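Enquirer: Dropping a prediction and its sequence here:
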Amino acid sequence: MTDQNKKQITQEMDKKVEAKTELANRIAEQSKRVQKTYERFEGSLLKIARGISSFIDRILFNKKHEKLIALLLAMGLYFVVNYNSMTSLIAKPLEYSRTFEDIEVVGRYNTDTFELTGLPEKVDVVLTGDATSVNNALSSGGNVIADLEGLTEGTHDVKLKGEGFGDGVQVVVNPSNCIITLKKKTTAQFDLSYDFIHKDQMESIYSPGIPEFEYTKVNVRASKDTLDTIAFVKALIDVSGQVDTFEQDAQLIAYDAHGNVVNADIVPNTIHVTVPVTSPNKTVPIEVQVSGEVPDNKAISEITTDQQTVTIYGADSVLREIDKVIVTLNATTITKDSTILRPIVLPTGVNSSNINQITVMVALGELETKTITEVPIQYINNNKNYKASQPDNITTVTVVAKGTAKSLENISADTINVYIDMNDAQPGLQEFQLFVDQPTNGLVHYELGDSTYTLNVLGETENTEEDTTGDN
């Protein structure tokens, strides 16, 4: 290293030392200034404390102020001793109100002697107190009471009051009063009838029979006005899931003439009943009824089904009136030989059947027509035994039959039924609508040459046993 470089390094080190020395001097001067400021502040505080102490000494040890000082000290001591009580008074929780709706009203009265009307079923209750007590009040089992003990027969204005909501809340009932009526109960006897309930939960092939009751009359206790509204008392027999004869204790309910439940005491309120369960059934033929005509100059030549009979289930009284089951077929939708699935339409009162649908096979042929002349006109519903004549002595009508050649072979005037309905007939000349019975098999369709028929109704006959079909 050259002497020149050494000289430069020495100079730089000297400069750094001078800078550090200058910084240390400034820090020392600043510390002295802070120390002097603190000493001045401390001296000021001591002067103030000495002044306050001197003032207190002048006050406390001055005979003029000794009574005032004693009073202040007594008050301070009182506040210290009663601090907790005063704190609880000041910190009393805020009141909180909440309305609870539809609280049940309970009437306290002799239910064996009186019938009560006019008491509301539910009311609103306003609870006021601290939030915790109000929120816990409803879960405490509280309700609204109408105390009717000691009241006699008649109308009374009674007060409703809350009970059981706890001591920490104030209870206000809305409405707080109600007008009630007490009526003395009497007893009347009613014949017993029945209804089967939950039949939709009983397998459809089974049918409940006539139940056998332990007794056929029941006693009902209520006011005379209520008893007068009762039309019948029924035993509600639950048949859900039953497949054989069963026994049960059926609930007894009183009803008015409109089927509304009447609130009355039935003694006893259940009855022991035995119910036979059977599975009545009947096998009847299936008939396909065709509506409309096949389009495109076609006609049905043959209809066959994969099932010709069906077994139906229901009450014996219903089955006796049924001799067939209908399956409908709309010919307007058939354009070619077809195999069609059709549902079985069960008659009213029939619960079920062994099959729900059948397969219908339909064969088509060319449409042909056949004119049938001199088809006699029949009269029906001549309930008043009128004599009648036709002004032009016309007693027949022409019918055009449509179908395949095979279907039309046996069609004649004797196989066609054309008629008028005289149910609304009145004496005098009048016009009647002509009707023709269409074959139910759908193979042939009839069209009338005339739609109306003029007839002179002459009046009632003297001998109702003679022929009343006029000139026909």
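Expert: Right, received. Where do you want to start? Numbers count the residues shown, from 1 in each chain.

Enquirer: and stretch 248-268, how far out from the chain's middle?
Expert: Relative to the chain's own centre, stretch 248-268 is displaced by 22 Å; criterion: Cα atoms, centre = their mean, to the nearest Å.

Enquirer: Please list the outside residues in contact with that stretch.
Expert: The contact list for stretch 248-268 (Cβ atoms under 8 Å, 6 or more residues apart in numbering) reads 185, 187, 190, 192, 194, 218-222, 226-227, 229-238, 269-273, 275. Where you see a C-beta, it was placed from the backbone N, CA and C, and this is true even at glycine.

Enquirer: In CSV, list the C-alpha atoms belonging to it.
Expert: Taking C-alpha atoms only, stretch 248-268 is exported to CSV below (Å, rounded to 0.1, in the frame of the first residue of the first chain):
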residue,chain,number,x,y,z
GLN,A,248,-113.6,-54.4,18.2
ASP,A,249,-114.8,-51.6,20.5
ALA,A,250,-116.1,-49.0,18.2
GLN,A,251,-116.2,-45.2,19.0
LEU,A,252,-119.7,-43.7,19.3
ILE,A,253,-120.3,-40.2,17.8
ALA,A,254,-123.5,-38.1,17.7
TYR,A,255,-124.4,-36.2,14.5
ASP,A,256,-127.0,-33.6,13.5
ALA,A,257,-129.1,-33.9,10.4
HIS,A,258,-126.4,-32.3,8.3
GLY,A,259,-123.7,-34.8,9.4
ASN,A,260,-122.0,-32.4,11.7
VAL,A,261,-120.6,-33.8,15.0
VAL,A,262,-122.7,-32.8,18.1
ASN,A,263,-120.7,-32.3,21.3
ALA,A,264,-122.6,-34.5,23.8
ASP,A,265,-121.8,-37.2,26.5
ILE,A,266,-122.5,-40.7,25.2
VAL,A,267,-122.7,-43.3,27.9
PRO,A,268,-120.7,-45.4,27.4
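
Enquirer: got the buried residues for that stretch?
Expert: Of all the residues in stretch 248-268, those buried under the rule 16 or more other Cβ atoms under 10 Å are 248, 250, 252, 253, 254, 255, 262, 264, 265, 266.

Enquirer: Validate this expectation: the second one resides in a helix.
Expert: So that's residue 250. No. Applying DSSP: H, G, I helix; E, B strand; the rest coil, one finds residue 250 to be strand, outside a helix.

Enquirer: State the distance from it to residue 297.
Expert: Per Cβ to Cβ, to the nearest Å, residue 250 is found 65 Å from residue 297.

Enquirer: How about the last one?
Expert: Taking Cβ to Cβ as the measure, residue 266 falls 72 Å from residue 297.

Enquirer: do the same with the fifth one
Expert: The spacing between residue 254 and residue 297, counted by Cβ to Cβ, is 68 Å.

Enquirer: on that earlier part again, and which of the buried residues of stretch 248-268 is nearest to residue 330?
Expert: For the buried residues of stretch 248-268, the closest approach to residue 330 (Cβ to Cβ) belongs to residue 255, at 44.9 Å.

Enquirer: The helix or strand where residue 282 lies: which residues count as buried?
Expert: Residue 282 belongs to strand 281-291 when elements are defined using DSSP states H and E. For strand 281-291, burial by neighbour count (16+ other Cβ under 10 Å) applies to 281, 282, 284, 286, 288, 290.

Enquirer: right, and the fourth one touches residue 309 too?
Expert: Yes. Using Cβ atoms under 8 Å, residue 286 makes contact with residue 309 at a distance of 6.3 Å.

Enquirer: The stretch 251-400 of the chain: helices as residue ranges?
Expert: Assigned by DSSP state H, counting those that start in this stretch, the stretch 251-400 of the chain shows helices spanning 316-319.

Enquirer: Confidence-wise, which helix or strand of this structure is lowest on average?
Expert: The helix or strand of the chain with the poorest confidence is helix 83-90; it has a mean of 54 (mean pLDDT, DSSP states H and E).

Enquirer: next SSE after that one?
Expert: Using DSSP H and E, the next helix or strand after helix 83-90 towards the C-terminus is strand 96-108.

Enquirer: Convert the C-alpha atoms of that next one to CSV, please.
Expert: The C-alpha trace of strand 96-108 is given here as CSV (Å, rounded to 0.1, in the frame of the first residue of the first chain):
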residue,chain,number,x,y,z
TYR,A,96,-89.9,-7.0,28.4
SER,A,97,-93.4,-7.9,26.9
ARG,A,98,-94.4,-10.6,24.5
THR,A,99,-97.7,-11.7,23.2
PHE,A,100,-98.5,-15.4,23.0
GLU,A,101,-101.4,-16.4,20.7
ASP,A,102,-103.9,-19.2,20.9
ILE,A,103,-103.5,-20.2,24.5
GLU,A,104,-106.1,-22.8,25.5
VAL,A,105,-108.9,-21.8,27.8
VAL,A,106,-109.9,-24.3,30.5
GLY,A,107,-113.4,-24.0,32.2
ARG,A,108,-113.7,-25.2,35.7
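
Enquirer: List the pairing partners of it within its sheet, with orientation.
Expert: Its sheet considered, strand 96-108 pairs with strand 122-129 (antiparallel), strand 143-147 (parallel) by DSSP bridges.

Enquirer: Show me just the buried residues among the contacts of stretch 248-268.
Expert: By 16+ other Cβ under 10 Å, the contacts of stretch 248-268 give 185, 190, 192, 194, 218, 220-222, 226-227, 229-230, 233-235, 237-238, 271, 273, 275 as buried.

Enquirer: Spell out, range by range, the strands that occur in the stretch 301-450 of the chain.
Expert: Secondary structure of the stretch 301-450 of the chain (DSSP state E, counting those that start in this stretch): strands at 309-314, 325-330, 338-343, 350-353, 357-366, 368-380, 386-389, 396-403, 418-421, 428-433, 435-436, 444-448.

Enquirer: So in that sheet, which strands flank the shortest one, and in what orientation?
Expert: Going back to what we said before, that points to strand 435-436. Its sheet considered, strand 435-436 pairs with strand 418-421 (antiparallel) by DSSP bridges.

Enquirer: And the longest one, by the same measure?
Expert: Applying DSSP bridges to the sheet, strand 368-380 is found paired with strand 396-403 (antiparallel), strand 418-421 (parallel).

Enquirer: mind listing what's buried in the longest one?
Expert: So the one you mean is strand 396-403. By neighbour count with 16+ other Cβ under 10 Å, strand 396-403 contains the buried residues 397, 399, 401, 402, 403.

Enquirer: so how far is residue 318 from the residue nearest to residue 274 when sequence neighbours are not counted?
Expert: Computed as Cβ to Cβ, 6 or more residues apart in numbering, the closest residue to residue 274 that is not its neighbour in sequence is residue 212, at 4.5 Å. Here the criterion is Cβ to Cβ. By it, residue 212 lies 22 Å from residue 318.

Enquirer: Neighbour count: those two, which is higher?
Expert: Shown here are residue 212 and residue 318; by other Cβ atoms under 10 Å, residue 318 has more neighbours (18 against 13).

Enquirer: what residues are up against the closest residue to that one other than its chain neighbours?
Expert: Closest residue to residue 318 apart from its sequence neighbours, by Cβ to Cβ, 6+ apart: residue 349 at 3.6 Å. By Cβ under 8 Å, 6+ apart, the contact set of residue 349 is 314, 315, 318.

Enquirer: and with 10 Å instead?
Expert: The contact partners of residue 349, by Cβ atoms under 10 Å, 6 or more residues apart in numbering, come to 312, 314, 315, 317, 318, 319, 321, 322.
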